[in-house]
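> structure here, sequence nowhere to be found:
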């Protein structure tokens, strides 16, 4: 019998995703960036008045303040409309990043 090696890719974790987003935010902040979209649709916003930072990517949004860290993750099976409704306090650009759509798509979708 022949031994077979089956390569496996690391399974992404919530901790890893949050860490990656916070590392991205720290890098952008160190360069003085206040608002950015990076390749792949990830969005970053830093509010210099409040000191809060928000980073959003597909299915995940992270908000960091001087005292707290909030993470919201779209649940498997949740519709885009349900996710958009739950993220109503964020900008359309950030909400679009979470559902993998553009700001204009979010605007049209939520115009009702």
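The structure has been received and is ready for your questions. What you see is a predicted model, and the numbers here were worked out from it, not measured in a lab.
> so which residue is dead centre in this protein?
residue 56 (2.0 Å; Cα atoms, centre = their mean).
> that one should be in a helix, yeah?
No - checked against DSSP: H, G, I helix; E, B strand; the rest coil, residue 56 lies outside a helix; its state is strand.
> and the gap between it and residue 77?
Remark: distance between residue 56 and residue 77 (Cβ to Cβ, to the nearest Å) = 20 Å. Any C-beta I mention is one placed from the backbone N, CA and C, and that applies to glycine too.
> helix, strand, or coil at residue 111?
coil.
> and for residue 45?
strand.
> neighbours around it, how many?
21 (other Cβ atoms under 10 Å).
> next one: residue 38
With other Cβ under 10 Å as criterion, residue 38 counts 14.
> now do residue 108
For residue 108, the neighbour count with other Cβ under 10 Å is 12.
> again, but for residue 76
When neighbours are counted by other Cβ under 10 Å, residue 76 comes out with 6.
> one more: residue 16?
When counting by other Cβ under 10 Å, one arrives at 11 neighbours for residue 16.
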